[in-house]
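A.B. asks: any chance you can model this:
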Amino acid sequence: MAAEQGSSLAIHPMAQFAMKPLFGGDTIHWYTPTNQTLWMAIAILGVFLLLVVGSRGRAVIPSRAQSVAEVAYGFVYKMVEDIAGKDGLKFFPYVMTIFMFVVFANMLSLIPASFATTSHFAITGTLALLVFFSVTIIGFVRHGLGFLGLFWVTAAPLPLRPFLALIEVISYFVRPVSHSIRLGGNMMAGHAVLEVFAAFAAIALISPLSVIGIAAMYALELLVAFVQAYVFTILTVVYLKDALHPHH
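C.D. replies: Numbers count the residues shown, from 1 in each chain. Here you go, the predicted structure:
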């Protein structure tokens, strides 16, 4: 009896992150459509519907969709201009694409029975590596070997500069790791906690407290979903600024 009770209360908060083929089977190849593929496609479709379809009229009195698209456009545009300067605006479409995909993927993951795409480090890591290689290539194309000035702290005393250069190089190559883990870790942790609260909701004695906890956590996760998209994007812009203006 105790064993049965214990098994009925078993909580598996990480099971929700398992990738599964959409059309049955247990084997996943690189070309296999999965639940992750599905929700990534839905996120991309959502971005397209908002920014292209919802704004196609360009009305003087905007619709709700156009208003949201304009707010998002202005928000990211000002972010790029304030941090990276006028030179960074030519890369605005790239930054806007990253922000909209991450924020849509984060928000969609809060729909019941959905899949948290950005909780997988394969996704956040790929996004972070794209940013890392993009800004590195931009830095070398624009400045040549002068881009290495990013690692040479001219404001520091000369004997300390080689040590600081080593620290700067290490921190530079750690960027994609911290960039991806920050987003993936926060999304995974929040969804795992929601799963735990949901499991306790089945217990009659603590069900009311669990429901309150779920509501509070859900509200917090809505905020986290936007904030993490913002943080991922603003770090992208900061890295872009370093590529455009590498000298300390």
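
A.B. asks: can you give me the helices in this structure?
C.D. replies: Along the chain, counting by DSSP state H, helices occupy 2-8, 35-48, 64-84, 92-108, 121-143, 161-200, 207-244.

A.B. asks: now those helices in CSV, with mean neighbour count, mean pLDDT and distance to S55?
C.D. replies: Heads up, the C-betas are built off the backbone N, CA and C, glycines and all. Putting the helices of the chain into CSV (neighbours: other C-beta atoms under 10 Å; pLDDT from 0 to 100; distance: least, C-beta to C-beta, whole Å) gives the following:
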stretch, mean neighbour count, mean pLDDT, distance to S55
helix 2-8, 8, 43, 50
helix 35-48, 17, 95, 11
helix 64-84, 16, 94, 5
helix 92-108, 21, 96, 12
helix 121-143, 18, 95, 24
helix 161-200, 17, 90, 27
helix 207-244, 17, 89, 20
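
A.B. asks: what separation do you get for the residue nearest to E70 when sequence neighbours are not counted and Y73?
C.D. replies: Distances taken as C-beta to C-beta, 6 or more residues apart in numbering put P62 closest to E70, at 6.3 Å, once the chain neighbours are dropped. To Y73, P62 is 11 Å away according to C-beta to C-beta, to the nearest Å.

A.B. asks: leaving out chain neighbours, which residue sits closest to A225?
C.D. replies: Closest residue in space to A225, ignoring its immediate chain neighbours: N106 at 3.6 Å, by C-beta to C-beta, 6+ apart.

A.B. asks: what's near enough to touch that neighbour?
C.D. replies: Shown in contact with N106 (C-beta atoms under 8 Å, 6 or more residues apart in numbering): 118, 187, 224-226, 228-229.

A.B. asks: save those as JSON lines, and put in distance to A215 too.
C.D. replies: JSON lines is the format used below for the contacts of N106 (distance: C-beta to C-beta, whole Å):
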{"residue": "T118", "distance to A215": "23"}
{"residue": "M187", "distance to A215": "19"}
{"residue": "V224", "distance to A215": "15"}
{"residue": "A225", "distance to A215": "16"}
{"residue": "F226", "distance to A215": "18"}
{"residue": "Q228", "distance to A215": "20"}
{"residue": "A229", "distance to A215": "22"}
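
A.B. asks: hang on, isn't H143 packed against P246?
C.D. replies: Yes: contact criterion C-beta atoms under 8 Å: H143 and P246 qualify, at 6.0 Å.

A.B. asks: now the common contact residues for these two.
C.D. replies: With C-beta under 8 Å, 6+ apart, H143 and P246 have common neighbours G149.

A.B. asks: next, count neighbours for the residue nearest to H247 when sequence neighbours are not counted.
C.D. replies: Among residues not flanking H247 along the chain, G149 sits closest, at 4.5 Å (C-beta to C-beta, 6+ apart). Residues within reach of G149, counting by other C-beta atoms under 10 Å, total 15.
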